[in-house]
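# let me see the structure of the following:
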Amino acid sequence: MEGSIVSRKQLPRATEMHVAAHETRPRMRRPLREPMDTQAPINQLLTTIARRKWFMLAMVALGGVLAGLAGLAVPVGFEATTQIILDAPSRNGPAGAEPPAEMLDASIDDNITMLLSQGNLRRVMAALRKTEAGSTAEQGDAGTGNSPPNPARGDRPNLRSFADGLLGGILPQSKPDAADAAELKALRKGMRVGQELRSRVISIGFTDPDPARAAMVANTFAQSYIDDLAKRRQAADKVELTSIVAALPGVQRDLAAATDRLEKYRLSHGAVDQGAADNAAKETAELSQQISLSKADLSATESRLRHIQELRKEGASVASLAQAIGSPLLAELAARQASDTADKNLSDAINREIEQATARIAAEASIYRAQIAALESRKNVLDAVVADTAGRLSGLRALEPQVSILTQRYNQLLTQQQELIRRIATPSAGVSVLSAAWPPTNPKTLSPIFLIPPGMVVFGLLGGVFVVIRNRLDQTLRGEAETEAALGVPCLGLIPQAPTMHAKRLKQLVLAQLRSRYSRAVTSLLVAAAPKQAGDRSSHVILVTSSLQDDGKTELAWSLALAATRLGGRVLFLDLDRTGARLTNEFLGEFKALKPHFFFGDYVSERCALHDAIAGMPEIGIDFMALAPSEDLLALLSTVDSSLFTDELHSIYSIVIINGPVGLGGPEAGLLTGWADAVLFAIRWGRTRRSMAREVLETLAGDASVSAPVGSVLTQVNLKKHASYRFGDGADLLLEEPS
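Numbers count the residues shown, from 1 in each chain. Predicted coordinates:
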């Protein structure tokens, strides 16, 4: 009997049927395909955004709506501007010289800081309250009169007070400090103070929903600052004037006393001729120079005389004496003596000439001494005159500067007093209004329509960033090349998503609608996993497993079994997964499978023959064998020799589809790889995480030399969405309708 226990135990299979060696399928063992052509980053970005175009359009529309609503929520603001100009800084340099730029910058910075100070803001707030109170009183006195509002002052019908407008009724009136703080904050928020280019002009702007109020606040702000600055300067001038008035009597007394001392000194010491004193000093200097020259001549003469006397004592020759004395006559006598040494008269003449020359030199020295004595006597007289004149001038030079300084100080105080009296009478702030504010006609705030395009752009960019980040963080698998690169195993195909997944619908898709995308995809996958060569009668055992139950594993297994019936031969569906009972029970119920008396555990434990553990479904041409609910699959797979049973299955069935347990459920799926010729790993498109699939595949691969080849299958693929990714894989062929 075919499939009996006796035949499996006693009859050698070599004599029954020769089972051809199962060669490894080239598609299952082929090298991994190269990833699709690498797109430029901009193309990838455009593809990602195009895939989420409706989300992007929604974000752009949302941005435009929110920007428009924000523009409508912001009240329209009108800015009125007052310009003030600073007086030119004082010029202490040369006439016509411009003041340094640093001085102007410092003055501008000082004024801007004082304009925005808390003290000035409080003064402006008080002035505004008084102004608006006066405006309210004028409107009350007018009664029912039809007087038009004055835009320069900000009067208008039903005008609220500025403080009420700033507070907006938020803060209670029982807290004046909090109300003042809120009003100051609102006033500071609406103010704008700045320099106009590099000029001395400062612009003071205020923004308010009411143009008249904006002009009133800007003018009040500028005028209040100018008035306060003028008052401060007037007060400072008064203080300075008081100090000058108090100092004038003392300076006047000091000046009178110094003048009296000077007059008394002049009367007691007489008048001093400054010219005579200068001449005496000049003559003294000239005498000193003459004395120096005479002393130099005297010293030279005495040195010459001593030299002549030393030569005579030493008995020097007449020629040496003639040279020392410098007498031509003596030199001539010396020459004659050298030619005639016996002439006595010549010797006497030489001696007389030497004596006369020595006497002349001595007389010359005496004349120099007398001259020096006379000059020194004259100099002593002049020194006495100069000393007396200097003594009298020293007193005058000590008293006259005091009188001059006190006179200058007194005149300066008088001038300052007159200037301060003039400034107090007509106070000036050093700042004046150049251009007063007038109610503006054009609003400062943009129209809401101008905010819509930026809002759309911003939200479009935010949506693009969100889409790109979400795409980068997506860890699921979608494309064939992407799956192969992530898992390291070939991706054999994609199974389209079916509208409903039950037994009859699945049979109709695979067997009735042969030109449907689902049928073509399943059939192509089966041919890729179990190809039949010409004249090849070998059978194939295909194990179908997945990471999780909802990855479409059971649907894929039944689809492959239905498609296998089209290839001819017997087909066995071996269900070893208890968790996928719904679809399996539908097949058993719909196609009237007889319930077997034995199960897979009985068969591998040799408690029954193969045909006793099989339930037939003739309507669809599939035999069915399942695992009993109480059986331990791990124990069964660990204790039996798979080759004893796979050879029998190969000898009877052309295709055996094993619906294995999920990979995360335990090691059973890894043990079942030894039963199969090929392993199909189901991955749900856009749902299964690549890290989980990679971990399960590592347990399935085991020893690559003995385990069956593993291929991945993408299940429940949304073909329209898949096409938007532009992977360029098998899904594009499924989208094409066959002719």
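# just give the nearest non-adjacent residue to G569, would you?
S654 (2.7 Å; C-beta to C-beta, 6 or more residues apart in numbering). No exception for glycine: its C-beta is placed from N, CA and C like everyone else's.
# next, count neighbours for the one you found.
19 (other C-beta atoms under 10 Å).
# and it, what does it touch?
Under the criterion of C-beta atoms under 8 Å, 6 or more residues apart in numbering, the contact list for S654 reads 539-540, 564, 567-571.
# let's see it at 7 Å
Residues in contact with S654 (C-beta atoms under 7 Å, 6 or more residues apart in numbering) are 539, 567-571.
# now swap in A676 and tell me
For A676, the contacting residues are 541-543, 658, 708, taking C-beta under 7 Å, 6+ apart as the criterion.
# could I get the residues you listed as JSON lines with pLDDT and neighbour count?
As requested, the contacts of A676 are exported to JSON lines (pLDDT from 0 to 100; neighbours: other C-beta atoms under 10 Å):
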{"residue": "V541", "pLDDT": "90", "neighbour count": "25"}
{"residue": "I542", "pLDDT": "91", "neighbour count": "24"}
{"residue": "L543", "pLDDT": "91", "neighbour count": "26"}
{"residue": "I658", "pLDDT": "91", "neighbour count": "27"}
{"residue": "A708", "pLDDT": "78", "neighbour count": "22"}
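# these: which two are farthest apart?
I658 and A708 (10.7 Å; C-beta to C-beta).
# okay, helices next: where are they in the stretch 51-200 of the chain?
Counting by DSSP state H, counting those that start in this stretch, the segments of the stretch 51-200 of the chain that form helices are 53-73, 101-115, 118-142, 162-167, 176-190.
# now do the strands in the stretch 601-739 of the chain.
Per DSSP state E, counting those that start in this stretch, the stretch 601-739 of the chain carries strands over the ranges 615-617, 622-626, 655-659, 678-684, 710-717.
# show me how far the second one is from its chain's centre.
Which is strand 622-626. The offset between the C-alpha centroid of strand 622-626 and the centroid of the whole chain comes to 69 Å, using C-alpha atoms, centre = their mean, to the nearest Å.
# swap in the last one?
For strand 710-717, the distance from its own C-alpha centre to the chain's C-alpha centre is 47 Å (C-alpha atoms, centre = their mean).
# now for L511, how many residues are close by?
Other residues near L511 come to 15 when the count uses other C-beta under 10 Å.
# out of the helices of the stretch 51-200 of the chain, which one sits most buried?
Of all the helices of the stretch 51-200 of the chain, helix 162-167 has the most neighbours on average by mean count of other C-beta atoms under 10 Å, namely a mean of 18.
# quick check: buried residues in the helix or strand in which L434 is found?
Under the assignment given by DSSP states H and E, the secondary-structure element containing L434 is strand 431-435. Of the residues in strand 431-435, those with enough neighbours to count as buried (16 or more other C-beta atoms under 10 Å) are 431, 434.
# what's that strand packed up against?
For strand 431-435, the packing partners by 3 or more C-beta pairs under 7 Å, 6 or more residues apart in numbering; DSSP states H and E come out as strand 78-86, helix 211-269.
# could I get these in a markdown table, plus columns for mean neighbour count?
Putting the helices and strands packed on strand 431-435 into a markdown table (neighbours: other C-beta atoms under 10 Å) gives the following:
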| stretch | mean neighbour count |
| --- | --- |
| strand 78-86 | 21 |
| helix 211-269 | 17 |
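# so which of these gets nearest L413?
Closest of the helices and strands packed on strand 431-435 to L413 is helix 211-269, at 5.4 Å (criterion: C-beta to C-beta).
# just the mean pLDDT for that closest one, thanks.
Averaging the model's pLDDT scores along helix 211-269 yields 86.
# what angle do that helix and strand 431-435 make?
Counting by axes from the mean of the first three to the mean of the last three C-alpha atoms, to 10 degrees, helix 211-269 lies at 150 degrees to strand 431-435.
# now the element after helix 211-269, going C-ward?
As assigned by DSSP H and E, the chain's next helix or strand after helix 211-269 is helix 274-313.
# chain center to that following helix: distance?
In terms of C-alpha atoms, centre = their mean, the centre of helix 274-313 is found 89 Å from the chain centre.
# in it, what counts as buried?
Neighbour-count burial for helix 274-313, counted by 16+ other C-beta under 10 Å, picks out 277, 280, 284, 287, 291, 294-295, 298, 301-302, 304-305, 308, 311.
# show me what the helix or strand following it is packed up against.
Next helix or strand after helix 274-313 toward the C-terminus (DSSP H and E): helix 318-325. Applying 3+ C-beta pairs under 7 Å, 6+ apart, one finds that helix 318-325 contacts helix 274-313, helix 328-339, helix 344-425.
# flag every buried residue along helix 318-325.
Under the neighbour-count criterion of 16+ other C-beta under 10 Å, helix 318-325 has 318, 321-322, 324-325 buried.
# now render those residues as TSV, adding pLDDT and distance to E353.
What follows is those, written out as TSV (pLDDT from 0 to 100; distance: C-beta to C-beta, whole Å):
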residue	pLDDT	distance to E353
V318	75	9
L321	77	9
A322	76	9
A324	76	13
I325	78	8
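# out of those, who's nearest E695?
Using C-beta to C-beta, A324 is the member of the buried residues of helix 318-325 that lies nearest E695, at 131.6 Å.
# could you pull up the residues touching the closest residue to the closest one other than its chain neighbours?
Counting by C-beta to C-beta, 6+ apart, the nearest residue to A324 once its immediate chain neighbours are dropped is I308, at 5.2 Å. Counting by C-beta under 7 Å, 6+ apart, I308 makes contact with 321, 324-325, 358.
# V510 too?
Taking C-beta under 7 Å, 6+ apart, one finds 519, 522, 559, 562-563 in contact with V510.
# same check on R684?
In this structure, R684 makes contact with 550-552, 715-716, judged by C-beta under 7 Å, 6+ apart.
# from those, pick the one nearest F466.
Closest approach between the contacts of R684 and F466, by C-beta to C-beta: Q716, at 25.7 Å.
# just to revisit the earlier point, tell me which of the contacts of V510 fall in helices.
The helices in this structure, assigned by DSSP state H, contain 519, 522, 559, 562-563 from these.
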